[in-house]
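Undergrad: When you get a sec, could you give me coordinates for this:
(chains A, B, C and D)
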Number of protein chains: 4
Amino acid sequence: MTLNVTIWNEYRHETSREDVRKVYPDGLHGPIADHLRSEGMTVRVATLDEPEHGLTEAALADTDVLTWWGHLAHYEVSDEIVARVQQRVLDGMGLIVLHSGHHSKIFRSLMGTTCNLIWREADERERIWVVEPGHPIAAGLGSYFEIPREEMYGERFDIPAPDTLVFVSWFQGGEVFRSGCCYQRGLGKIFYFRPGHEMYPTYYQKEVLQVIANAVKWAAPAGAPAVMFGNRPPLEKF
Amino acid sequence: MTLNVTIWNEYRHETSREDVRKVYPDGLHGPIADHLRSEGMTVRVATLDEPEHGLTEAALADTDVLTWWGHLAHYEVSDEIVARVQQRVLDGMGLIVLHSGHHSKIFRSLMGTTCNLIWREADERERIWVVEPGHPIAAGLGSYFEIPREEMYGERFDIPAPDTLVFVSWFQGGEVFRSGCCYQRGLGKIFYFRPGHEMYPTYYQKEVLQVIANAVKWAAPAGAPAVMFGNRPPLEKF
Amino acid sequence: MTLNVTIWNEYRHETSREDVRKVYPDGLHGPIADHLRSEGMTVRVATLDEPEHGLTEAALADTDVLTWWGHLAHYEVSDEIVARVQQRVLDGMGLIVLHSGHHSKIFRSLMGTTCNLIWREADERERIWVVEPGHPIAAGLGSYFEIPREEMYGERFDIPAPDTLVFVSWFQGGEVFRSGCCYQRGLGKIFYFRPGHEMYPTYYQKEVLQVIANAVKWAAPAGAPAVMFGNRPPLEKF
Amino acid sequence: MTLNVTIWNEYRHETSREDVRKVYPDGLHGPIADHLRSEGMTVRVATLDEPEHGLTEAALADTDVLTWWGHLAHYEVSDEIVARVQQRVLDGMGLIVLHSGHHSKIFRSLMGTTCNLIWREADERERIWVVEPGHPIAAGLGSYFEIPREEMYGERFDIPAPDTLVFVSWFQGGEVFRSGCCYQRGLGKIFYFRPGHEMYPTYYQKEVLQVIANAVKWAAPAGAPAVMFGNRPPLEKF
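TA: Here you go, the predicted structure:
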């Protein structure tokens, strides 16, 4: 079965800032889309400024896994669309939240917490350690991998404890971060993955793309039962 | 240290229906308040129809643990008060959600899911099994306890998997339910406890009261660090 | 990739008792092996009375997922073979523990607890509820399924809280049981699945076979990194 | 209620090496015992070379929480005593495993995994971040604390995912480590806490002592039910 992936990108930095456009001339979504296509997935791109942010009922119904990158304009995402995406996740669509998407309405609504953290822009080295190597999202990696320069995100990260913690990041300046976090919410699987500041070529890096592809495969719907809810007669005489 | 507990009750069934008033002449909150006071706690009662639902900033600031019972009128609780309570939980206040409070705005906001379930009103016996007997909320119980007649709640209960599952209920008509569920969200502890249909004298039962008292003690703030968030200088030269 | 499955069966009841042989003329492993083969898997059967219990180094090295059924003779399984299987699980082999295998040396060694429970042989109906319908092991089921007659297993089940709880059983006589439990240990995935008393035709039932096949697929190795351990030079000058 | 704590120390480094004796003239257990006594606990010390390693049935029966430090001589601890301690934990005694105790027989038996890790002795700075500040073991700390010089322990740490992850360490040389890990096993609570190489004055440091005291209080038995196991009559006619 071919996976249908929708890559959602805020797509404002790349269109308004020359320095970001130099790093991502095809948008932050570009190299991710290329990689997922090379893995045989069907990829659609959706952005903030399209009607309904490109996330119509039809588009979501046809999406197995949605990836989400946003930063500047979380509050321009309409509450109605956020509620629609949330319901679709609870109904089984996978969701991969990238980097500054930690503060998106959709991630905060699904987590129930502030998703606050500490951060610093200082060209630091990030070393991402695999703490749960048996998890499918770690497939094909080594004990760790390194990103030469990234924005720092540090603990306390105000999230519910992940169902599975796959990665922990080390930063040169002295911090750690739970950078690969799995959740089940309703019938949907959610993965938060830390890297991806718009000023660095992170989404061209082989290991980062591999993690995203692994995560998409892991988060794809798994044939879940159509569970019943509501008022029910007794199953048994008593 | 004396614990300050606020018992929040929708308080509509008892004021509008004679049959419920017969069971709970002092409100559903009455026997709970009596029991927690008998354990040395300071108890305040707050209800839907008070100004700000009785949950002013001052009242919440002075509350260590809030208990919540609502049923008919979840949508009359103002979004502003829900956001206030949610932030207070994330800042460390404990929250005990009782029975039909599973569909309250506050519980759904903190869980991020629908919190749907199956249910039936049929005077069934409920047997509550202790699956994690080492947890402090199970202190003083036996292997199980029984409620002679209750409303049935059954799985699938659409919640995030609890951090700790303490109780599972068996129902006469053929269902099971995760009826005692612990969560950490932000600095706050949350416990969902299933029993408590308004037509049955559940909140007079010794084991039920003991569980609520145990849960309040467990959910009380534990001297958490004032964690930092936001932009930070490097801790280390590099 | 074809999955290599080894079905381990104590195989004593079927060879020594006429009533069990009537139910399972080809052994308890027979219908399981047939079903997994019909799903395209390569299946080998190993039993207690073979040399090394059929679990030689070579056999284990060639096994992606091992299933385990034992009951009468847990203490005839040699400690050396148990240690070998345990290491193989930690190195990535999946393990599916069935029914009375809860008291096997291998399961107890991997869990670290007694794995005690309550039980009763009384021809009771078991209803298995799906509490985590989004998990791949629940694929293709409904909200629940029923086994007409089974042995009762009840809580407290003395196991570590599962990483994921997929099923909870209801029994006619008044008990509940965590009957589908997922664990990650080392690089290996473990699933405990409750049903399968030797006197009942449980392993011919469609839903039971489907769960076992789902579990085998879920527990198959996922391309885990070869993690490093031991003394390491600094990765960084400091 | 006064807590009865037994501090178990291998006590070989301090008696055989002058450099370690200089750091811990009263044994590694000395400053821990002093601190717990200053918190009003009743403290007994037990060491490897005492009869039954100081862990007689009577001593364990009178212990609410046991702390464990070992390093050189894990394999001199008798299997019989390990089994006795394990059973006592499953029956409700708390267990705090310190530093190189990660490779002790008792911790490995309770975890079911190798508990391997990477390590390096290089006088590195360790910064311990609080990732779950609402947990009672973090009470009274800040966002992090620092140990000026320690042995490095790094991931992959081959343990079951902790029920609650309280601390993550950052090391100067480029590694991270899950350094504060909570487990429930049977009726007993277990906490693994990383710091404490014998060459450094770690157990005199205020924050380290506070964490150990917090952990002892958290792990103390909580009035657990005497759960039943074994063959049971039906609770209900059917």
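Undergrad: Does A:I128 lie in a helix or a strand, and which?
TA: If you go by DSSP states H and E, A:I128 is part of strand A:118-130.
Undergrad: So the helix or strand just after that strand, near chain B or not?
TA: Heading C-terminal from strand A:118-130, the first helix or strand you meet, by DSSP H and E, is strand A:144-154. Yes - using Cβ under 8 Å from any Cβ of the partner chain, strand A:144-154 reaches chain B at A:M152, A:G154. C-betas here are computed from N, CA, C, even on glycine.
Undergrad: Check the offset of strand A:144-154 from the chain's centre.
TA: Computed by Cα atoms, centre = their mean, to the nearest Å, the separation of strand A:144-154 from the middle of its chain amounts to 17 Å.
Undergrad: next one: stretch A:91-104
TA: The chain centre lies 4 Å from the centre of stretch A:91-104; the measure is Cα atoms, centre = their mean.
Undergrad: Now do the buried residues in that stretch.
TA: Using 16 or more other Cβ atoms under 10 Å in any protein chain shown as the test for burial, stretch A:91-104 gives A:91-104.
Undergrad: out of the residues you listed, who's nearest chain C?
TA: Of all the buried residues of stretch A:91-104, A:G92 has the smallest distance to chain C: 6.7 Å, by Cβ to the nearest Cβ.
Undergrad: so where do the strands sit in chain A?
TA: A:4-9, A:42-47, A:65-69, A:94-98, A:118-130, A:144-154, A:164-171, A:176-185, A:188-193, A:230-231 (DSSP state E).
Undergrad: now do the same end-to-end measure for stretch A:194-213.
TA: One end of stretch A:194-213 to the other measures 15 Å (Cα to Cα, to the nearest Å).
Undergrad: Lowest-scoring secondary structure element of chain A by mean pLDDT?
TA: Counting by mean pLDDT, DSSP states H and E, the weakest-scoring helix or strand in chain A turns out to be strand A:230-231, with a mean of 88.
Undergrad: is chain C contacted by that strand?
TA: No - judged by Cβ under 8 Å from any Cβ, strand A:230-231 stays clear of chain C, getting no closer than 11.5 Å.
Undergrad: Can you pull the phi/psi pair for the nearest residue in space to A:M228 that is not next to it in sequence?
TA: Once flanking residues are discounted, A:M228 sits nearest to C:S143: 4.9 Å by Cβ to Cβ, 6 or more residues apart in numbering or on different chains. Here is the backbone geometry of C:S143 (degrees, to the nearest 10): phi -70, psi -30.
Undergrad: My read is that C:S143 contacts B:G174, right?
TA: No - when contacts are counted by Cβ atoms under 8 Å, C:S143 is not listed as touching B:G174 (11.5 Å).
Undergrad: So those two - more neighbours on which side?
TA: B:G174 (23 against 19; other Cβ atoms under 10 Å in any protein chain shown).
Undergrad: how close does the more buried one get to D:P233?
TA: To D:P233, B:G174 is 21 Å away according to Cβ to Cβ, to the nearest Å.
Undergrad: swap in A:P221?
TA: Going from A:P221 to D:P233 by Cβ to Cβ gives 44 Å.
Undergrad: Tell me which of these two has more neighbours.
TA: The neighbour count for A:P221 versus D:P233, taken as other Cβ under 10 Å, is higher for A:P221 (19 against 8).
Undergrad: what's the closest non-adjacent residue to that one?
TA: A:P221's closest residue in space is A:G92 (Cβ to Cβ, 6+ apart), at 4.4 Å.
Undergrad: list the contacts for the one you found?
TA: Counting by Cβ atoms under 8 Å, 6 or more residues apart in numbering or on different chains, A:G92 makes contact with A:G186, A:L187, A:G188, A:P221, A:A224, C:G134.
Undergrad: I'd like the distance between the nearest residue to the last one once chain neighbours are set aside and A:M93.
TA: Nearest non-adjacent residue to C:G134, counting by Cβ to Cβ, 6+ apart: A:L187, 4.0 Å away. For A:L187, the distance to A:M93 under the criterion Cβ to Cβ works out to 9 Å.
Undergrad: overlap in contacts of these two?
TA: Shared contacts of A:L187 and A:M93, defined by Cβ under 8 Å, 6+ apart, are found at A:P221.
Undergrad: In contact with the residue nearest to A:M228, which residues?
TA: Here C:S143 is in contact with A:P225, A:V227, A:M228, B:E155, B:R156, C:W129, C:V130, C:P133 (criterion: Cβ under 8 Å, 6+ apart).
Undergrad: Report the contact partners of the residue nearest to A:H102 when sequence neighbours are not counted.
TA: Nearest residue to A:H102, sequence neighbours excluded (Cβ to Cβ, 6+ apart): A:C115, at 4.8 Å. Counting by Cβ under 8 Å, 6+ apart, A:C115 touches A:H102, A:H103, A:F107, A:R108, A:F157, A:D158, A:I159.
Undergrad: Reformat those as JSON lines; add pLDDT.
TA: As requested, those are exported to JSON lines (pLDDT from 0 to 100):
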{"residue": "A:H102", "pLDDT": "98"}
{"residue": "A:H103", "pLDDT": "98"}
{"residue": "A:F107", "pLDDT": "98"}
{"residue": "A:R108", "pLDDT": "98"}
{"residue": "A:F157", "pLDDT": "98"}
{"residue": "A:D158", "pLDDT": "98"}
{"residue": "A:I159", "pLDDT": "98"}
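Undergrad: can you give me the mean pLDDT across the helix with the most length in chain A?
TA: Ranked by number of residues, the top helix in chain A under DSSP state H is helix A:206-219. Helix A:206-219 shows a mean pLDDT of 98.
Undergrad: next one: stretch A:136-143
TA: 96.
Undergrad: Stretch A:83-101 now?
TA: Here the average pLDDT along stretch A:83-101 is 98.
Undergrad: Send over it as PDB, restricted to the C-alpha atoms.
TA: Provided in PDB are the C-alpha atoms of stretch A:83-101 (Å, rounded to 0.1, in the frame of the first residue of the first chain):
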ATOM      1  CA  ALA A  83     -10.000  21.000  15.600                       C
ATOM      2  CA  ARG A  84     -10.400  19.200  12.300                       C
ATOM      3  CA  VAL A  85      -6.800  18.000  12.300                       C
ATOM      4  CA  GLN A  86      -7.100  16.900  15.900                       C
ATOM      5  CA  GLN A  87     -10.200  14.900  15.200                       C
ATOM      6  CA  ARG A  88      -8.500  13.300  12.200                       C
ATOM      7  CA  VAL A  89      -5.500  12.200  14.400                       C
ATOM      8  CA  LEU A  90      -7.900  10.700  16.900                       C
ATOM      9  CA  ASP A  91      -9.500   8.900  14.000                       C
ATOM     10  CA  GLY A  92      -6.200   7.400  13.000                       C
ATOM     11  CA  MET A  93      -4.100   9.700  10.900                       C
ATOM     12  CA  GLY A  94      -0.400   9.800  12.000                       C
ATOM     13  CA  LEU A  95       1.200  13.200  12.900                       C
ATOM     14  CA  ILE A  96       4.900  14.100  12.800                       C
ATOM     15  CA  VAL A  97       5.600  17.400  14.600                       C
ATOM     16  CA  LEU A  98       8.900  19.000  13.600                       C
ATOM     17  CA  HIS A  99      11.100  21.400  15.600                       C
ATOM     18  CA  SER A 100       9.300  24.700  16.400                       C
ATOM     19  CA  GLY A 101       6.000  22.900  15.800                       C
END
